[in-house]
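Engineer: Sequence plus predicted model, see below.
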Amino acid sequence: MSIEILDDSCLFRIFREIKDEQTLIICSQVNRRWHSLVFPDTSPEKRFESGKIGDLSGWKQIIALDDWQIVSVICELEPDYLIQHGRKMKQLYIPNMSLDDFKKYVKYLPRLERLHLSSGGDFEPSERYDGPKLERLEILEICTSAHGNEPYRGLSLMDRCPYLKSAFHCIDKEDFFVDTQVTNYYLQDLVIESDYEAVTWPTLKKILRKCPNLKHLAIRHSYDTDIEDENIPEMLQLLPKVVLIDLRVAPGVTYISADYVDEYCKLHNRSISFYYTKEHEQDIQVDWPQLSNKNAKSCPGYSFMKHCFLKSFNKLPKIMEPIFLLPLLEDDVSNNKPKPEQNLDPDKEEDNPLDLGNLFV
């Protein structure tokens with residue numbers, strides 16, 4: 001049986017598993033088809049424009065790429081689109097849909113790997129998500145508006161994504177619905193953003209306890225948070241694998257915490273980048289040059305850390321191009337840290353508990 005009988009999507013999935021640049025280059029020289037998969041000739045901007053298939057009345061606009069695998073909705077989406085084309089979709093960027101409405105269409109999205117979901121306006125409060133699991137989802141970016149005294153419930157959707165690696169929560173409430181019975185073992189990247197009430201330390205502590213393998217944490221608010229120096233030791237205890245903590249809007253966190261983190265790293269042979277003031281904005285860009293804060297509607301490379309971690313929710317890319325294989329290899333090198341042995345269950349012993357690993361795995 002020849003490998004050439006596989007379609008492009010299967011071949012690409014195989015190529016994505018190759019982490020060695022030289023091997024990919026050799027693969028690209030096999031024939032013209034393989035070369036086009038490793039080195040696509042068309043820029044993401046051109047593919048984005050050429051993929052525009054729906055320009056409906058008013059502000060409605062649908063943009064689809066790669067035979068509906070990537071769909072970005074500019075304003076509104078007709079439900080029939082998800083029913084008809086959802087089984088092909090791997091990325092979905094959709095505004096103005098409540099968590100309740102989204103739940104109706106999850107069964108039509110079995111291949112979804114990245115979801116950007118937001119709701120606003122006059123929507124009723126979303127109930128706790130109790131729909132089907134999103135088994136393949138790796139990246140979740142969610143903003144669900146709540147009214148009155150209703151808590152933010154976006155975390156309940158995260159809990160139904162068993163293999164989720166990256167989450168971006170944009171919230172407008174101080175209270176969260178946090179299910180402490182669910183542990184997100186695969187989650188490595190977490191951003192919490194709010195333009196209104198700050199996330200309190202007791203709530204944040206519940207969330208962090210659910211994410212024992214978290215590597216990168218950012219808490220951003222337009223106003224003060226109640227996170228203080230005295231909370232940082234407990235934060236480090238809750239995050240035994242963290243390598244990056246971004247608390248640049250937390251006046252209660254000072255140089256005292258920075259000194260503590262330094263001493264903690266020396267004592268435990270750890271390496272943690274810690275940022276606690278707005279003045280560190282330039283520092284984080286210098287220390288982590290592979291993280292982008294540039295605004296773009298599409299970006300090359302399927303990487304949450306590279307294209308989302310430093311940005312605000314409304315600046316996140318509408319399309320993340322997964323076909324640019326060679327640039328993805330650059331994501332595997334960060335600060336010359338060795339790659340860790342994966343240990344998902346914190347109750348199991350680690351062979352090398354002090355090996356923090358890469359920025360990306």
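Structural biologist: Now that the structure is in, tell me what you want to look at.
Engineer: For stretch 175-189, measure first residue to last.
Structural biologist: Length of stretch 175-189, first residue to last, Cα to Cα, to the nearest Å: 21 Å.
Engineer: Also stretch 2-19?
Structural biologist: 23 Å.
Engineer: do stretch 131-150 as well
Structural biologist: Terminal-residue distance, stretch 131-150 (Cα to Cα): 19 Å.
Engineer: How far does it sit from its chain's centre?
Structural biologist: Chain-centre distance of stretch 131-150: 13 Å, with Cα atoms, centre = their mean, to the nearest Å.
Engineer: could you give the mean pLDDT of that stretch?
Structural biologist: Average pLDDT, stretch 131-150: 84.
Engineer: low pLDDT regions in the stretch 51-200 of the chain?
Structural biologist: 51-68, 75-76, 120-127, 145-149, 173-174, 196-197 (pLDDT under 70).
Engineer: now the strands for it?
Structural biologist: Secondary structure of the stretch 51-200 of the chain (DSSP state E, counting those that start in this stretch): strands at 52-55, 61-65, 70-73, 91-94, 114-119, 139-144, 166-171, 189-194.
Engineer: any chance of the ones you listed in CSV, with distance to Phe309 and mean neighbour count too?
Structural biologist: Yep, even glycine has a C-beta here, placed from its N, CA and C like the rest. What follows is these, written out as CSV (distance: least, Cβ to Cβ, whole Å; neighbours: other Cβ atoms under 10 Å):
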stretch, distance to Phe309, mean neighbour count
strand 52-55, 29, 13
strand 61-65, 23, 20
strand 70-73, 20, 25
strand 91-94, 17, 22
strand 114-119, 14, 22
strand 139-144, 11, 24
strand 166-171, 8, 24
strand 189-194, 6, 23
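Engineer: how about TSV for those strands, with distance to Phe313 added?
Structural biologist: Below are the strands of the stretch 51-200 of the chain laid out as TSV (distance: least, Cβ to Cβ, whole Å):
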stretch	distance to Phe313
strand 52-55	24
strand 61-65	19
strand 70-73	15
strand 91-94	12
strand 114-119	8
strand 139-144	6
strand 166-171	4
strand 189-194	6
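Engineer: Which of the ones you listed sits closest to Tyr105?
Structural biologist: Closest to Tyr105 of the strands of the stretch 51-200 of the chain, according to Cβ to Cβ: strand 91-94, at 9.6 Å.
Engineer: That closest one pairs with which strands, parallel or anti?
Structural biologist: Here strand 91-94 is paired, per DSSP bridges, with strand 70-73 (parallel), strand 114-119 (parallel).
Engineer: Send me the host helix or strand of Arg33 as CSV with only the CA atoms.
Structural biologist: Taking DSSP states H and E as the definition, Arg33 sits inside helix 32-38. Below are the C-alpha coordinates for helix 32-38, written out as CSV (Å, rounded to 0.1, in the frame of the first residue of the first chain):
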residue,chain,number,x,y,z
ARG,A,32,5.7,18.5,-5.6
ARG,A,33,2.7,17.5,-3.5
TRP,A,34,4.7,17.0,-0.4
HIS,A,35,6.6,20.2,-1.0
SER,A,36,3.3,22.2,-1.2
LEU,A,37,2.2,20.8,2.2
VAL,A,38,5.5,21.6,3.9
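Engineer: starting at the chain centroid, how far to it?
Structural biologist: Worked out by Cα atoms, centre = their mean, helix 32-38 lies 28 Å from the chain centre.
Engineer: Likewise for stretch 204-219?
Structural biologist: 13 Å.
Engineer: Show me which positions of that stretch end up buried.
Structural biologist: 204, 206-208, 210-219 (16 or more other Cβ atoms under 10 Å).
Engineer: So which of the residues you listed belong to strands?
Structural biologist: 216-219 (DSSP state E).
Engineer: related to what we said a few turns ago, export the strands paired with strand 91-94 as CSV, with columns for distance to Asn269.
Structural biologist: Formatted as CSV, the strands paired with strand 91-94 follow (distance: least, Cβ to Cβ, whole Å):
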stretch, distance to Asn269
strand 70-73, 42
strand 114-119, 35
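Engineer: Out of the buried residues of stretch 204-219, which comes closest to Leu316?
Structural biologist: Nearest member of the buried residues of stretch 204-219 to Leu316, counting by Cβ to Cβ, is Ala218, at 13.1 Å.
Engineer: From Arg270, how far off is the residue nearest to that closest one when sequence neighbours are not counted?
Structural biologist: When the adjacent residues along the chain are set aside, Ala218 lies closest to Asp246, with 3.9 Å between them (Cβ to Cβ, 6 or more residues apart in numbering). To Arg270, Asp246 is 17 Å away according to Cβ to Cβ, to the nearest Å.
Engineer: Have a look at these two and say which one is more surrounded.
Structural biologist: Using other Cβ atoms under 10 Å as the criterion, Asp246 and Arg270 rank with Asp246 on top: 22 against 17.
Engineer: Surely the more buried one touches His221?
Structural biologist: No: at 11.9 Å, Asp246 does not count as touching His221 under the criterion of Cβ atoms under 8 Å.
Engineer: residues in contact with the residue nearest to Ala218?
Structural biologist: Contact partners of Asp246, counting by Cβ atoms under 8 Å, 6 or more residues apart in numbering, are 216-220, 275, 284.
Engineer: can these go into JSON lines with extra columns for distance to Met320 and pLDDT?
Structural biologist: Listed next are the contacts of Asp246 as JSON lines, based on distance: Cβ to Cβ, whole Å; pLDDT from 0 to 100:
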{"residue": "His216", "distance to Met320": "17", "pLDDT": "97"}
{"residue": "Leu217", "distance to Met320": "21", "pLDDT": "97"}
{"residue": "Ala218", "distance to Met320": "18", "pLDDT": "96"}
{"residue": "Ile219", "distance to Met320": "23", "pLDDT": "92"}
{"residue": "Arg220", "distance to Met320": "21", "pLDDT": "88"}
{"residue": "Tyr275", "distance to Met320": "25", "pLDDT": "95"}
{"residue": "Ile284", "distance to Met320": "21", "pLDDT": "93"}
